[in-house]
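[1] Quick one, structure for this:
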Amino acid sequence: MYLMGVLRTNVTKLMHKAVPPNVEQVKHNNMLMRARRLRANASFIPQASFSARRHYYCNKDTGVLMQKMEAPNPMAAMQDPNMMMNMMQGNMAMMVPQMAMMGIVNYFFSGFVLGKIPFPLTPSFKGMLQRGISLTTLDTSYVTSMSWYFLVMFGMRGLYSITMAGAVMDDTAMMQAQMGMGAQQPGQVPDMGKLFQAEAENMQIVDHVWFLDAAEERLLKGKPTAVGGLADSKPPARKKKD
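    Residues are numbered from 1 along each chain as shown. The predicted structure is shown next:
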């Protein structure tokens, strides 16, 4: 199973075709990241500088984040031939090896009991852990070959991440994407209008406090600062010499 996973990852890399990035999408992403950095680090610039930048982003007429954008077409990714080819190749790279391995396990090891789970389970787990054996008297903690195959398949992601330096074919994520359970389908363009509107609302409610305000008082009092300044402690006393 491990060798099959390595082979599947390498074949997927060879079959994958790079999709050229969309220039407008890259610009919008960079603008959104810049606005988020400004909101997160607003305390390190003066009030006038922050107000000028907020006006640049949140002005009702000329603000970058206030511009109206058309909602993306959800079927645009399906119309891209490169994206469709990558999706089909990914599905083939996942389904063909899985069908071959399941056929091998089912043919050679059908009805085998391979192990026992070291903790008790309720009878509702029988259908998941004892596939291929229909015995009502068999303890639920025993695991059959087909169930053990699925457990190992979904539990080898950590081994792949260690041995292949993060180049992991996550079976769980791929199955969720195929069934539509993921938050966003691959290749789907996000709605930047809604993201810009949400970021503009967050920036407008920022209560700006410059970090250098009352810096002298903090220095004299010896209070700790937000970036690891002085500690609130007294200097060590000197020892008297005899």
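
[2] from here on, contacts and neighbour counts on C-alpha atoms
    OK.

[3] By mean pLDDT, point me to the weakest helix or strand of this protein.
    Ranked by mean pLDDT, DSSP states H and E, the helix or strand of the chain with the weakest confidence is helix 171-178, at a mean of 50.

[4] list the buried ones in the helix or strand just after it?
    With elements assigned by DSSP states H and E, the helix or strand that comes after helix 171-178 is helix 192-204. By neighbour count with 16 or more other Cα atoms under 10 Å, helix 192-204 contains the buried residues 192-193, 196-197, 199-200, 203.

[5] Can you pull out the low-pLDDT segments for the protein?
    Along the chain, the model assigns pLDDT under 70 to residues 18-19, 72-83, 165-189, 223-242.

[6] now the strands: where do they sit in this protein?
    Counting by DSSP state E, the chain has strands at residues 113-116, 142-144.

[7] Show residues contacting the first one.
    Residues from elsewhere that reach strand 113-116, judged by Cα atoms under 8 Å, 6 or more residues apart in numbering: 141-145, 148.

[8] repeat that for 6 Å
    Residues outside strand 113-116 that contact it (Cα atoms under 6 Å, 6 or more residues apart in numbering) are 141-145.

[9] Now find how far off-centre that strand is within its chain.
    Mean-position distance between strand 113-116 and its chain equals 34 Å (Cα atoms, centre = their mean, to the nearest Å).

[10] That one pairs with which strands, and in what direction?
    Paired neighbours of strand 113-116 in the sheet (DSSP bridges): strand 142-144 (antiparallel).

[11] hmm, who's touching the partner strand?
    The contact list for strand 142-144, computed with Cα under 6 Å, 6+ apart, reads 112-116, 129-130.

[12] Work out the gap between it and the centre of the chain.
    Offset of strand 142-144 from its chain centre (Cα atoms, centre = their mean): 33 Å.

[13] List the buried residues in it.
    In strand 142-144, counting by 16+ other Cα under 10 Å, buried: 142-144.

[14] Stretch 201-215 now?
    203, 208, 210-211.

[15] just curious, which of these is nearest to Met33?
    Each of these was scored against Met33 by Cα to Cα, and Met203 proved nearest at 12.7 Å.

[16] out of everything not next to it in sequence, what's closest to the closest one?
    Counting by Cα to Cα, 6 or more residues apart in numbering, Arg39 is the residue found nearest to Met203 once chain neighbours are left out, at 6.1 Å.

[17] how many other residues sit next to the one you found?
    When neighbours are defined as other Cα atoms under 10 Å, Arg39 has 21 of them.

[18] same question, Ala93
    The burial count assigned to Ala93 is 20, neighbours taken as other Cα under 10 Å.
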